[in-house]
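A.B. asks: Fold the following, please.
(2 chains)
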Amino acid sequence: MQDDVILRLEGICKEFPGVKALSNVQFTLHKGEIHALMGENGAGKSTLIKVLTGVYQKDAGSIYMDGMPVTINSTQDAQKSGISTVYQEITLCPNLTVAENMYIGRTNEMTTNWRKMNAGAKQLLDSLQIPASPTQQLGDCSIAVQQMVAIARAVDMDCKVLILDEPTSSLDESEVEKLFKLMTDLKARGVGIIFVTHFLDQVYSVCDRITVLRDGTFVGDYLISELPRVQLVSKMMGKELDSFDDIKQEEIADTIDRKSAPVFEATGLSSAAGVNPYDFTIRRGEVNGFTGLLGSGRSESVRAIYGADKVTGGRVMMDGKEIKIKKPIDAMKQGIGYLPEDRKHDGIIGDLSVKDNIILALQVMKGMFKPISKADAEKFADEYIKLLGIKTASADTPIKSLSGGNQQKCILARWLLTNPVYLILDEPTRGIDVGTKLEIQKLVLKLATEGKSVTFISSEIDEMLHVCKRLIVMRDRHVVGELTGEDLTQTKIMSTIAGGEKK
Amino acid sequence: MTDKKLSQDQNFFLRILKKQIFIPISALLVLMLFNLIADPTFFRVELGISSLGYPVLKGNLITILDNASELVILSIGMTLVTAASGGQDISVGATIALAGSVVLRILCGTDTLTDHIHAPIIVAFLACVLVAMLFGAFNGVLVAYFKLQPMVATLILFTAGRSIAAWINNNTLPNNTDPRVGYYGNFFPGIAVPSPILIAILFMIVTALVMRFTKLSLFTQAVGINAESSRLNGINPQLIKFMTYVILGFCVAVAGFIKVSRLSTINYSVIAKDIEMDAILAVALGGNALSGGKFSISSSIVGAYVIQFLTITLYRFEVPAAALPAYKAIVVIILVVLSAPVVRKKFAELKKNFTAKEAN
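C.D. replies: Numbers count the residues shown, from 1 in each chain, chains lettered A, B, ... in the order given. This is a model prediction of the structure:
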């Protein structure tokens, strides 16, 4: 076992101003294994990957490839040593062809032999069974195929170590399957794969070993067969986790107010984003959800409620009174809050401080000419940083320097501060560690007991079952069913998504 | 405990170094020091007699502050436009010619040379504000609603502005010798400080108040950093972008009014020539990203004074007028490189290592 170690990290330390991101971390990767790197947000996974790929320079520690010490000061160094990375966001050029993307920046010659390049690309794509043609534009391929092309590029560069940084977070299940098959093929070729992900299922279906980090320190290196899920989670969190079922019990209390008029009621709502007209109702104290595969129109549906896309038809009532929502500010004035799916592009204002990000929605509602005083802003920010346990150096830190989960909590704080009657949360837990996920779920249920209404969207059906009382199922931009009570089971949801009877 | 204190000290240094205003302020200090060593009398301010016979302040420092006024006012508007739209307005020189022509057209009527004003000055000023803001709105509509590149959108008025200015006064160069016309660009009777300085100070105070009592800066920065997020939080990004161009229009009006008042006449083809480039430079010298987002108006203002200080310093060293831009360019390139985020970061790191070593 000792001989086939291809990558060893020892005593890696990395410090940022005020934060010790990694302290004395070790990591060992064997030939032909898929090794999961796990940890909560802020545990130091990304920092470790970035040290390994030369994006950051380590403060201390050593890296060995095949037993020989190597220095990695730049991404080129990493590539030369045989370490390749495929990031969550595709870093290739969508407007070039697949073959061009595979060879770009790698040829030394002044001229390009197109035929040779395309033939080489075709051979590689075929051997890895990637369903793409070399001359196709990369942007026309699905995200999964794009990711596979990125992997193919890495493989062709004779990589010995392949790092996959959350490659599956934007893929649907069949695409994940394909990706896993590719990973297993590579594993058989002797490539060592480091797999960073938040999905426990995926770890257990494809990985051989797990290394767990917590708060920038090394917790342990385990064989997958020796570490049951519950233990993995508790190792990541550093405490025994309340079992997932706890939440189910709290939820028993029925918080729905059936007497008064629904908080929000829409008939025939449709939007320019391509949602077909649908009806929707939510009552006070109710938590419901939209479910369906990626691209089924669940996000677009809630965006139509909030007026985020141009509303093209339908009537909307709040508390029994007809209203008009044309743009987000109209919805906000009615007490609707919306946490968007794409945190980075639609949620945070990256360069602004945590404080400014938190007060933003409230400030906009008050208007430009009634500023929230500095003292109040600080008070609000501190209050929510404490309440939601946002990990930040200070309220004046730019939000972009926070980890994903903490950014999400800031956006959540932004809407809680406006004291909404109806909150729409689109994938609030995506890319967030298990502990925070649970906190957010509990918070949603608590809001319901306070008489607020919440629409909750998540790709993880488990999670939807935990918090939602009613699920609206979508397929191909149509609402195809509504499930409540007894029907709220995995199988029933799956069959409805797949092609259940219309109600 | 000592460790903590040490890191606080370190943080203090880092914070100063990271402050955006650090580079323009140090540039200003270096220029001052340079002049002080070369000629200790450089900063002498003495009493002189104005053309109207009043005692007034004279000296290099006064000249710098006086001449920088228009640039300072423009740099405020330019900072906002840059922040919100991630681009610059290159038409400000041309719109100054336009707004200035309107002032003289109203004050002179149809006469080319006259010694009395045909309408109250306030009317001329208001008309100038209206016209400049309208043209600002024109730029704003093109940028915010038609989503043109700011430079392309403002290229239109950059090209056409001075021709329209000529047309306003029938291709003549009107001159109004009424002393009241000159008050705003020279001296008010009985006041020893040049009026442009006072107007610039007033303008800065108003800006500070607006920034203090509205959330214009938060909204502008939010739109500049992430327009889509801002929209989903209820801000109207188009309106904010449009507004910044109208505000710049107001700045243009005030700057144009001062420029015309200085000479009581206008030569529409040379007035405020290339001032747009200096205004953009002031924003850049202030360490503001020309791609928009976070901004610091005070840094831009200091940047504007640096530019004027540099010009006067070069004059003092009798650099030939033709060679002036070349010398200016050399200094500017040093400043811009120093204030580039990459270099600032490197500096902060060096400083950090230095203090760390010192501590050991």
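A.B. asks: Packing partners of the helix or strand where residue B:209 lies?
C.D. replies: Following DSSP states H and E, one finds residue B:209 within helix B:195-213. With contacts defined as 3 or more Cβ pairs under 8 Å, 6 or more residues apart in numbering or on different chains; DSSP states H and E, the packing partners of helix B:195-213 are helix B:60-85, helix B:237-263, helix B:297-316. Yep, even glycine has a C-beta here, placed from its N, CA and C like the rest.
A.B. asks: mind saving the C-alpha coords of stretch B:244-263 as PDB?
C.D. replies: C-alpha atoms of stretch B:244-263 as PDB (Å, rounded to 0.1, in the frame of the first residue of the first chain):
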ATOM      1  CA  THR B 244     -25.500  59.400 -12.400                       C
ATOM      2  CA  TYR B 245     -25.300  60.800 -15.900                       C
ATOM      3  CA  VAL B 246     -27.700  63.600 -15.000                       C
ATOM      4  CA  ILE B 247     -25.700  64.400 -11.900                       C
ATOM      5  CA  LEU B 248     -22.600  64.600 -14.000                       C
ATOM      6  CA  GLY B 249     -24.600  66.900 -16.200                       C
ATOM      7  CA  PHE B 250     -25.100  69.200 -13.200                       C
ATOM      8  CA  CYS B 251     -21.400  69.100 -12.500                       C
ATOM      9  CA  VAL B 252     -20.700  70.000 -16.100                       C
ATOM     10  CA  ALA B 253     -23.100  73.000 -15.800                       C
ATOM     11  CA  VAL B 254     -21.300  74.400 -12.700                       C
ATOM     12  CA  ALA B 255     -17.800  73.800 -14.200                       C
ATOM     13  CA  GLY B 256     -18.900  75.400 -17.500                       C
ATOM     14  CA  PHE B 257     -20.300  78.400 -15.800                       C
ATOM     15  CA  ILE B 258     -17.100  79.000 -13.900                       C
ATOM     16  CA  LYS B 259     -15.000  78.500 -17.100                       C
ATOM     17  CA  VAL B 260     -17.100  81.100 -19.000                       C
ATOM     18  CA  SER B 261     -17.100  83.500 -16.100                       C
ATOM     19  CA  ARG B 262     -13.200  83.400 -15.900                       C
ATOM     20  CA  LEU B 263     -12.900  85.100 -19.300                       C
END
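A.B. asks: Pull out the buried residues from it.
C.D. replies: Residues of stretch B:244-263 classed as buried under the neighbour-count rule (16 or more other Cβ atoms under 10 Å in any protein chain shown) are B:244-262.
A.B. asks: likewise stretch A:185-200?
C.D. replies: Here stretch A:185-200 shows A:186, A:187, A:191, A:192, A:193, A:194, A:195, A:196, A:197, A:198 as buried, counting by 16+ other Cβ under 10 Å.
A.B. asks: Let me know the pLDDT of the nearest residue to the third one once chain neighbours are set aside.
C.D. replies: It refers to residue A:191. Closest residue to residue A:191 apart from its sequence neighbours, by Cβ to Cβ, 6 or more residues apart in numbering or on different chains: residue A:162 at 5.4 Å. Residue A:162 carries a pLDDT value of 91.
A.B. asks: residue contacts, residue A:260?
C.D. replies: Listed by Cβ atoms under 8 Å, 6 or more residues apart in numbering or on different chains, the contact partners of residue A:260 are A:283, A:284, A:319.
A.B. asks: which of these count as buried?
C.D. replies: Members of the contacts of residue A:260 classed as buried by 16+ other Cβ under 10 Å are A:283, A:284.
A.B. asks: Which ones, among the contacts of residue A:260, also lie beside chain B?
C.D. replies: The overlap between the contacts of residue A:260 and the neighbours of chain B (Cβ under 8 Å from any Cβ of the partner chain) is empty.
A.B. asks: I'd like the contacts of residue A:260 written out as JSON lines, with secondary structure, pLDDT and distance to residue A:39 added.
C.D. replies: Formatted as JSON lines, the contacts of residue A:260 follow (DSSP: H, G, I helix; E, B strand; the rest coil; pLDDT from 0 to 100; distance: Cβ to Cβ, whole Å):
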{"residue": "A:283", "secondary structure": "coil", "pLDDT": "90", "distance to residue A:39": "40"}
{"residue": "A:284", "secondary structure": "coil", "pLDDT": "90", "distance to residue A:39": "39"}
{"residue": "A:319", "secondary structure": "coil", "pLDDT": "90", "distance to residue A:39": "45"}
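A.B. asks: now, which of the contacts of residue A:260 sits nearest residue B:68?
C.D. replies: Residue B:68 lies nearest to residue A:319 out of the contacts of residue A:260, by Cβ to Cβ, at 58.1 Å.
A.B. asks: So the closest one sits against residue A:257, correct?
C.D. replies: No: contact between residue A:319 and residue A:257 fails when scored by Cβ atoms under 8 Å: they sit 11.3 Å apart.
A.B. asks: re earlier: which other residues reach whichever strand or helix holds the residue nearest to residue A:191?
C.D. replies: If you go by DSSP H and E, residue A:162 is part of strand A:161-165. Residues outside strand A:161-165 that contact it (Cβ under 8 Å, 6+ apart): A:6-7, A:29, A:46, A:49, A:52-53, A:65, A:82-88, A:151, A:154-155, A:183, A:186, A:191-197.
A.B. asks: try 6 Å
C.D. replies: Residues outside strand A:161-165 that contact it (Cβ atoms under 6 Å, 6 or more residues apart in numbering or on different chains): A:7, A:49, A:83-88, A:154, A:191-196.
A.B. asks: Among those, which one lies nearest to chain B?
C.D. replies: Nearest to chain B, judged by Cβ to the nearest Cβ, of the contacts of strand A:161-165 is residue A:88 at 19.1 Å.
A.B. asks: all helices for the stretch 351-500 of chain A, in order.
C.D. replies: Under the criterion DSSP state H, counting those that start in this stretch, the stretch 351-500 of chain A contains helices at A:354-366, A:374-387, A:404-417, A:434-449, A:461-467, A:490-499.
A.B. asks: if you skip the residues just before and after it, what's nearest to residue B:79?
C.D. replies: residue B:300 (4.4 Å).
A.B. asks: oh sorry, the question was meant for residue A:492
C.D. replies: Using Cβ to Cβ, 6+ apart and skipping residues adjacent in sequence, the residue nearest residue A:492 is residue A:483, 6.2 Å away.
A.B. asks: quick one: the one you found and residue A:472 touch, right?
C.D. replies: No: taking contacts as Cβ atoms under 6 Å, residue A:483 lies outside contact range of residue A:472: 8.2 Å.
A.B. asks: Could I get the CA-only coordinates of the helix or strand containing residue A:337 as PDB?
C.D. replies: According to DSSP H and E, residue A:337 maps onto strand A:336-339. Extracted in PDB, the C-alpha atoms of strand A:336-339 (Å, rounded to 0.1, in the frame of the first residue of the first chain):
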ATOM      1  CA  ILE A 336     -42.500  39.100  -0.200                       C
ATOM      2  CA  GLY A 337     -38.800  38.100   0.100                       C
ATOM      3  CA  TYR A 338     -36.800  36.100  -2.500                       C
ATOM      4  CA  LEU A 339     -33.600  34.300  -2.000                       C
END
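A.B. asks: got the buried residues for stretch A:340-349?
C.D. replies: By 16+ other Cβ under 10 Å, the buried positions in stretch A:340-349 come out as A:340, A:341, A:343, A:346, A:347, A:348, A:349.
A.B. asks: hmm, I was thinking of stretch A:467-486
C.D. replies: Residues of stretch A:467-486 classed as buried: A:467-475, A:477-483 (neighbour count, 16+ other Cβ under 10 Å).
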